[in-house]
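Engineer: Here is my input, please return the structure:
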Amino acid sequence: MRQASQTDARRKDTREKIQLGGLIAKAGLRYEKRALLLGLLMDAADRIRADKIERARLMALGEKAFIDDAD
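Structural biologist: Below you'll find the model as predicted:
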């Protein structure tokens with residue numbers, strides 16, 4: 001039983017990582033260096049925690065990108 005839950009957790013973690021990688025590719029950053037990507041994400045995390053307007057702006061930008069892809 002315990003092994004099954006560990007396997008499910010690993011699958012969930014793997015799926016999440018694949019989805020996050022897909023977001024990097026969708027943003028056009030597939031070939032950027034890992035250090036740059038991490039820096040971008042760390043900077044964005046700080047900004048969205050400190051600025052609700054910036055958070056909303058970036059959320060709208062991302063939602064629009066998903067909608068545009070669905071068309």
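Engineer: Can you tell me how far the residue nearest to the spatial centre of the chain is from R2?
Structural biologist: Nearest to the geometric centre of the chain sits L20, at 4.4 Å (Cα atoms, centre = their mean). For L20, the distance to R2 equals 27 Å [Cβ to Cβ, to the nearest Å]. Where C-beta positions appear, they are placed from N, C-alpha and C, glycine not excepted.
Engineer: Report the buried residues of stretch 3-15.
Structural biologist: When burial is assessed from 16 or more other Cβ atoms under 10 Å, stretch 3-15 yields no buried residues.
Engineer: same check, this time on stretch 35-52
Structural biologist: I48.
Engineer: host element of the residue nearest to the centre of the chain?
Structural biologist: Applying DSSP states H and E as the criterion places L20 in helix 2-26.
Engineer: Could you do G62 as well?
Structural biologist: G62 is located in helix 52-70, with elements delineated by DSSP H and E.
Engineer: ok, and what's touching that helix?
Structural biologist: For helix 52-70, contacts defined as Cβ atoms under 8 Å, 6 or more residues apart in numbering pick out 26, 44, 47-48.
Engineer: Take those residues and keep only those in helices.
Structural biologist: Within the contacts of helix 52-70, residues falling in helices by DSSP state H are 26, 44, 47-48.
Engineer: Identify the farthest-apart pair in the contacts of helix 52-70.
Structural biologist: Across the contacts of helix 52-70, the longest distance by Cβ to Cβ is 20.2 Å; it joins K26 and R47.
Engineer: how does the protein divide into domains?
Structural biologist: When the chain is parsed with automatic domain parsing, its domains come out as 1-31, 32-71.
Engineer: Using TSV, please lay out these together with mean pLDDT.
Structural biologist: Below are those laid out as TSV (pLDDT from 0 to 100):
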stretch	mean pLDDT
domain 1-31	93
domain 32-71	95
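Engineer: The closest residue to A44 other than its chain neighbours - how many residues pack around it?
Structural biologist: The shortest distance from A44 to any non-neighbouring residue, by Cβ to Cβ, 6 or more residues apart in numbering, is to L58 (7.2 Å). For L58, the count of nearby residues is 14 (other Cβ atoms under 10 Å).
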